[in-house]
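Peer 1: only the shape, not the letters, is given here:
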């Protein structure tokens, strides 16, 4: 499990995918999210503007990311 540290209250899901290196661009992030390939806390979320907070767990294929502050 990778940990991504943020220094703000939240990060948007699309931005997180780019920061974690999962998506090379916002277009790819949008595609992954809208295709239902991304889960937040074990639930599929198709909103790229979804706010993700410290303690949340995001999964994409075999990658797991935990948000920490």
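Peer 2: Right, received. Where do you want to start? Worth saying up front: this structure is predicted, and the values here are computed from it rather than measured. Numbering: from 1, shown residues only.
Peer 1: and the helix or strand hosting residue 3, which strands flank it?
Peer 2: When elements are assigned from DSSP states H and E, residue 3 belongs to strand 2-5. Strand 2-5 has the following strand partners under DSSP bridges: strand 63-68 (parallel).
Peer 1: what does the strand holding residue 3 contact?
Peer 2: For strand 2-5, contacts defined as C-beta atoms under 8 Å, 6 or more residues apart in numbering pick out 11, 16, 19, 20, 63, 64, 65, 66, 67, 68, 69. C-beta here means a position set from N, CA and C on the backbone, and glycine is covered the same way.
Peer 1: so which bits of that strand are buried?
Peer 2: residue 4 (16 or more other C-beta atoms under 10 Å).
Peer 1: any idea how far that strand is from the middle of the chain?
Peer 2: Its chain's C-alpha centre and that of strand 2-5 lie 11 Å apart, by C-alpha atoms, centre = their mean, to the nearest Å.
Peer 1: what about it, average pLDDT?
Peer 2: In this model, strand 2-5 has an average pLDDT of 95.
Peer 1: helix or strand next in line after that strand, which one?
Peer 2: Once the chain leaves strand 2-5, the following helix or strand, as judged by DSSP H and E, is strand 11-12.
Peer 1: what's whichever helix or strand comes after that following strand packed up against?
Peer 2: Per DSSP H and E, strand 11-12 leads on to helix 13-19 as the next helix or strand towards the C-terminus. Secondary-structure packing of helix 13-19 (3 or more C-beta pairs under 8 Å, 6 or more residues apart in numbering; DSSP states H and E): helix 26-34, strand 38-40, strand 51-52, strand 57-60.
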